[in-house]
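Participant: Predicted structure and sequence below. I'll ask about it afterward.
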Amino acid sequence: MTQKKPQNIEPTASAIDQAVSQSPSSEHTEQAKAQLAQTRPTNHLNGLKTMVEIDDLSFSYDMGKTNTLQNITLDIPEKQVTAFIGPSGCGKSTLIRCLNRMNDLVETSRITSGQIRIMDQNIHSKSVSPIELRKQVGMVFQKYNPFPKSIYDNVAYGPRIQGIKKKSLLDAAVEKSLRGAALWDEVKDRLKDSALGLSGGQQQRLCIARTIAVRPKVILMDEPCSALDPIATAKVEELILELRQDFTIVIVTHSMQQASRISDQTAFFYLGELIEYNTTEHIFTNPSIKQTEDYISGRFG
Amino acid sequence: MPNGDHILSTFNDAQRALKEATLTMGAGAQRNLEHAVRGLFQRNKEFCNQAIADDEDEDKLEIEIDRMGMNLIIKFRPVASDLRMVIASMKTASNLERISDQAVSIAKRARKMLKNPELAEVSRVEGLYQVTATMLADAMTAYSDSNAELALDIVEREKMLKKTQKTISRFFAKKLEGETEQYRDYLDLVFICRWLERAGNLSINIAEDVIFEETSTDIRHGGDLPQALQDFIG
């Protein structure tokens, strides 16, 4: 496959390596990195603080025989909603699962090149435990998956694992999280009821409450509304816009309308490559790449 | 419009139908303007009446195009150039309806002037009409062919249009001085010149919408030209 560089994007990891190899001192290395940071695909981010940096990332599910992701470079800004769009099989879910190392669970999976840094920390470095990483990078799945426990216990699960035992602290965490997930008013009188008795939309918001209970920095959402009706979808979308004030959100969606409604930045992927990354307004009004326009306007998929 | 067909053939059909309706309306506006001016030049009441009567078709088409555009947005949620095409078509329809209204105003004045003796100087309006009619025809060609360069050329004719209108209007205004018998006819000719200029300006609006459709750049009210068109004009 011919490797294409996406618009606005200058894959930098190999360039960093080159710069590093040419600059023996660490001072020079830092300078080289600083210079290269100027050329990252952040032109449209207008100086927003970066939460996640993906550098020249390639990923394989089959021990490196074929790459599912090819040389992905993009920066995800803090406290913004970034949408990943693209046809099925383009690698957007694979990429989102790389961000909290969910793909580690697949034995034959490998990062074949590049790296991911979250808050300037390489998430694949030996000092980072996947468990700790997932506290910082929470995930909400396509199909809501509450534990077969009470509403309260679902939300208290994370804080309890973190060692919080005092009831007043747990109560406060549960209430704060349920309020944060816009669910408190609907469930405050039945916190001891089974979570499985809630409607689909409520269960998904409960899963979001469970995620934010451990106060992650980043929330990954893999098609969080695909199993919900339009009203429940609207509530979750409204919630995402509120959560943006406190969390960095990355969402995979197949709904172009959803991406255009709730995201600040949009990245379009095709066949494992990042084709275009820009502000959502730019992508949906005047995309720079014909492939992007063909996809968002329904000319291929 | 982007090249290539949409996955939904009904989307292609709806978009094509919208474009065809807008082009039909454009042809109607051109015809109405021509009938009005022929009524004036040839002192022909039939042409005047035709222009006035056919305006109703334009009104109906404007409503129909708005309905088609709204349905297209509701059903298919177009984005990017597809969305711009729908918006540009609806705005073009609005401009064409107003051009047809100018034709009606001209036709009514021309019909009124039939009651008075012929004025030889009426032929001086011909130059202004040619400028306006060419702008309108080119604007519809630019819309039909998605031709931003031709559209820009129309936008750049604004000064020439204004100058032509001013020159002819000044001539008729001068004729008004000391004229007692047919001063109303000269006054009507001043108005007719203004309506023709107005039709030219509305054609410029259409051209600006074509540029928006093709380049996603809003150049109205002094907006910057897109780079591709800046290169085109050097």
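Facilitator: That came in fine, so what should we check first? Computed from a predicted structure; not experimentally measured.

Participant: Grab the nearest non-local neighbour of residue 176.
Facilitator: Assuming you mean chain A. Excluding the flanking residues, the one nearest A:Lys176 by C-beta to C-beta, 6 or more residues apart in numbering or on different chains is A:Ala213, at 8.0 Å. For the C-beta atoms, the positions are set from N, CA and C on the backbone; glycine is no exception.

Participant: wrong one, I was asking about chain B
Facilitator: B:Tyr186 (4.8 Å).

Participant: Count the neighbours of that neighbour for me.
Facilitator: 18 (other C-beta atoms under 10 Å in any protein chain shown).

Participant: Over to A:Lys167?
Facilitator: With other C-beta under 10 Å as criterion, A:Lys167 counts 9.

Participant: how far away is it from chain B?
Facilitator: 49 Å (C-beta to the nearest C-beta, to the nearest Å).

Participant: pretty sure the residue nearest to B:Leu176 contacts B:Lys174?
Facilitator: No: look at B:Tyr186 against B:Lys174 with C-beta atoms under 8 Å: they stay out of range, at 9.0 Å.

Participant: Hmm, A:Phe247 is touching A:Lys79, no?
Facilitator: Yes: counting by C-beta under 8 Å, A:Phe247 does reach A:Lys79; the two are 7.0 Å apart.

Participant: Neighbour count: those two, which is higher?
Facilitator: A:Phe247 (22 against 16).

Participant: number of nearby residues for the nearest residue to that one once chain neighbours are set aside?
Facilitator: Distance criterion C-beta to C-beta, 6+ apart; nearest residue to A:Phe247, sequence neighbours excluded, is A:Ile219 at 5.0 Å. When neighbours are defined as other C-beta under 10 Å, A:Ile219 has 24 of them.

Participant: Wasn't A:Ile219 part of a strand?
Facilitator: Yes: the assignment for A:Ile219 by DSSP: H, G, I helix; E, B strand; the rest coil puts it in a strand.

Participant: How much space separates it from A:Ser199?
Facilitator: 21 Å (C-beta to C-beta, to the nearest Å).

Participant: Which of the three states applies to residue 173?
Facilitator: You didn't pick a chain, so chain A it is. Judged by three-state DSSP, the three-state class of A:Ala173 is helix.

Participant: that's the other chain; I wanted chain B
Facilitator: Strictly by three-state DSSP, B:Ala173 counts as helix.

Participant: ok, it - contacts?
Facilitator: B:Tyr186, B:Val190 (C-beta atoms under 8 Å, 6 or more residues apart in numbering or on different chains).

Participant: just A:Gln202 next, same as before
Facilitator: Neighbours of A:Gln202 in contact, by C-beta under 8 Å, 6+ apart: A:Leu183, A:Glu186, A:Val187, A:Ala232.

Participant: top of those by neighbour count?
Facilitator: Going by other C-beta under 10 Å, A:Leu183 tops these with 24 neighbours.

Participant: Check what pLDDT whichever residue of chain B sits closest to chain A gets.
Facilitator: Across chain B, the shortest distance to chain A (C-beta to the nearest C-beta) belongs to B:Ser216, at 3.6 Å. pLDDT recorded at B:Ser216 is 88.

Participant: which residues touch it?
Facilitator: With C-beta under 8 Å, 6+ apart, B:Ser216 has these contacts: A:Thr285, A:Asn286, B:Ala80, B:Ser81, B:Arg84, B:Pro226.

Participant: Around chain B, which positions in chain A sit nearby?
Facilitator: A:256-257, A:260, A:284-287, A:290, A:293-294, A:296-301 (C-beta under 8 Å from any C-beta of the partner chain).

Participant: again, 10 Å this time
Facilitator: Neighbours of chain B within chain A, by C-beta under 10 Å from any C-beta of the partner chain: A:256-257, A:260, A:282-287, A:290, A:292-294, A:296-301.

Participant: buried subset of those residues?
Facilitator: The neighbour-count test (16 or more other C-beta atoms under 10 Å in any protein chain shown) marks A:256, A:260, A:282-284, A:286-287, A:292-294, A:296-299 as buried among the residues of chain A next to chain B.

Participant: Max pairwise distance over the contacts of A:Gln202: which two?
Facilitator: Using C-beta to C-beta, the two most remote members of the contacts of A:Gln202 are A:Val187 and A:Ala232, lying 14.6 Å apart.

Participant: Most proximal residue of the stretch 201-301 of chain A with respect to chain B?
Facilitator: For the stretch 201-301 of chain A, C-beta to the nearest C-beta, closest residue to chain B: A:Asn286, 3.6 Å.

Participant: what separates that residue from A:Arg190, distance-wise?
Facilitator: When distance is defined by C-beta to C-beta, A:Asn286 is 49 Å away from A:Arg190.

Participant: those strands in the stretch 101-250 of chain A, which residues are they?
Facilitator: With DSSP state E, counting those that start in this stretch, the ranges of strands along the stretch 101-250 of chain A come out as A:110-118, A:121-122, A:137-140, A:218-222, A:248-252.

Participant: For B:Ala53, which of these is the nearest?
Facilitator: strand A:248-252 (56.7 Å).

Participant: Mind listing residues that contact the next helix or strand after the closest one?
Facilitator: Of the helices and strands lying after strand A:248-252 in sequence (DSSP states H and E), the nearest is helix A:256-262. Helix A:256-262 has contacts (C-beta atoms under 10 Å, 6 or more residues apart in numbering or on different chains) with A:81-85, A:223-226, A:233-234, A:236-241, A:244, A:249, A:251-253, A:255, A:265-268, A:280-281, A:283-285, A:295-298, B:77, B:79.

Participant: pLDDT averaged over the strand or helix carrying B:Arg84 - what is it?
Facilitator: Per DSSP H and E: B:Arg84 is located in helix B:80-113. Averaging pLDDT along helix B:80-113 gives 97.

Participant: What of stretch A:291-301?
Facilitator: Here the average pLDDT along stretch A:291-301 is 88.

Participant: distance between that stretch and the chain's centre?
Facilitator: 23 Å (C-alpha atoms, centre = their mean, to the nearest Å).

Participant: Ok, stretch B:152-168 next?
Facilitator: For stretch B:152-168, the distance to the chain centre is 14 Å (C-alpha atoms, centre = their mean).

Participant: same deal with stretch A:100-117?
Facilitator: Taking C-alpha atoms, centre = their mean, one finds stretch A:100-117 lying 15 Å from the centre of the chain it belongs to.

Participant: Give the buried residues for it.
Facilitator: Buried positions in stretch A:100-117, judged by neighbour count with 16+ other C-beta under 10 Å: A:100-103, A:109-117.

Participant: Repeat that for stretch A:228-245.
Facilitator: Buried-residue list, stretch A:228-245, by 16+ other C-beta under 10 Å: A:Leu228, A:Ala232, A:Thr233, A:Lys235, A:Val236, A:Glu237, A:Leu239, A:Ile240, A:Leu243, A:Arg244.

Participant: Chain neighbours aside, what residue packs nearest to residue 182?
Facilitator: You didn't say which chain, so I picked chain A. That would be A:Leu239: by C-beta to C-beta, 6+ apart, it lies 5.0 Å from A:Ala182.

Participant: switch to chain B, that's the one I care about
Facilitator: Counting by C-beta to C-beta, 6+ apart, the residue nearest B:Gln182 is B:Asn116, at 5.8 Å.

Participant: For burial, what's the neighbour tally of that neighbour?
Facilitator: 12.

Participant: For the nearest residue in space to B:Leu119 that is not next to it in sequence, give me the backbone phi and psi.
Facilitator: Nearest non-adjacent residue to B:Leu119, counting by C-beta to C-beta, 6+ apart: B:Asp185, 5.6 Å away. Torsion angles at B:Asp185 (phi, psi; degrees, to the nearest 10) stand at phi -60, psi -40.

Participant: how about B:Asp185, what does it touch?
Facilitator: Per C-beta under 10 Å, 6+ apart, neighbours of B:Asp185: B:109, B:112-113, B:115-119, B:121-122, B:172, B:175-176, B:179.

Participant: can you check A:Arg97 too?
Facilitator: Taking C-beta under 10 Å, 6+ apart, one finds A:Phe59, A:Asn103, A:Asp104, A:Leu105, A:Val106, A:Ser109, A:Met139, A:Leu220, A:Asp222, A:Val252 in contact with A:Arg97.
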